[in-house]
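Chemist: starting from these lines, generate the structure:
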Amino acid sequence: LRLCCAVRFASNKATKAAAEKAAKAAKAMQGRSSNKNLTPFDLRGVSREAEIELAKRVRPMLPITEEELDKRAAIVKAWGRYCNEKANRENKQTRDTIQAMQHALRELKKVSQELFEHASLPDPTPYPIQLKPPTDTPPNPEYAAALAKKLSQGPAKA
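Modeler: Modelled structure (predicted):
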């Protein structure tokens, strides 16, 4: 039996060692199994064509320099700082809006108690919701034609 393809194509030593350990454990379990005809998936043979195709698809891991790690850490830190500042700006804007509303209500109460009570009542109508469909790209006429053709054929038979 060949070792599993994960062992052959593992890029670093830790992954290779873990894959070999799993293969040994599976082989040991297979020896204890009552049914010798069943083979664990990891221990099956892999065709040469599949190995070549897998080798073509797997990209080699590029080493990351210390300078690149520092650059990435600085980017993550700057992003976190930006998100924090944005949240603080939004919170301040919300606080300022609420304070302005409270100040307006206090002034209204000084002018007219009746208007204050009417302004303090909750609004029973929901917020005006305006939904817009996505319009970044023009519609694809072929898609509409294909959908119309599919719908005209009727329900699919299973």
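
Chemist: immediately after the helix ranked longest in the chain, which helix or strand?
Modeler: As assigned by DSSP state H, the longest helix anywhere in the chain is helix 66-111. Next helix or strand after helix 66-111 toward the C-terminus (DSSP states H and E): helix 113-120.

Chemist: and Glu49, how far from Lys71?
Modeler: 41 Å (CB to CB, to the nearest Å). To be clear about C-beta, it is placed using only N, CA and C from the backbone, and glycine gets the same treatment.

Chemist: more crowded one of those two?
Modeler: Using other CB atoms under 10 Å as the criterion, Glu49 and Lys71 rank with Lys71 on top: 12 against 8.

Chemist: can you check the pLDDT for the more buried one?
Modeler: For Lys71, the pLDDT comes out at 96.

Chemist: follow-up on the earlier one: next, the angle helix 113-120 makes with the longest helix of the chain.
Modeler: Between helix 66-111 and helix 113-120, the angle comes out at 150 degrees (axes from the mean of the first three to the mean of the last three CA atoms, to 10 degrees).

Chemist: host element of Lys24?
Modeler: Here Lys24, judged by DSSP H and E, is contained in helix 13-32.

Chemist: going on from that helix, what's the next piece of helix or strand?
Modeler: Following helix 13-32 toward the C-terminus (DSSP H and E): helix 48-57.

Chemist: now that next one: buried residues?
Modeler: When burial is assessed from 16 or more other CB atoms under 10 Å, helix 48-57 yields no buried residues.

Chemist: render the CA-only coordinates of it in PDB, please.
Modeler: What follows is helix 48-57 as a C-alpha-only set of coordinates in PDB (Å, rounded to 0.1, in the frame of the first residue of the first chain):
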ATOM      1  CA  ARG A  48      -0.100   8.700 -11.300                       C
ATOM      2  CA  GLU A  49      -2.300  11.100 -13.400                       C
ATOM      3  CA  ALA A  50      -4.000  12.300 -10.200                       C
ATOM      4  CA  GLU A  51      -0.700  12.800  -8.500                       C
ATOM      5  CA  ILE A  52       0.600  14.900 -11.500                       C
ATOM      6  CA  GLU A  53      -2.600  17.000 -11.600                       C
ATOM      7  CA  LEU A  54      -2.400  17.600  -7.800                       C
ATOM      8  CA  ALA A  55       1.200  18.600  -8.100                       C
ATOM      9  CA  LYS A  56       0.200  21.100 -10.800                       C
ATOM     10  CA  ARG A  57      -2.600  22.600  -8.700                       C
END
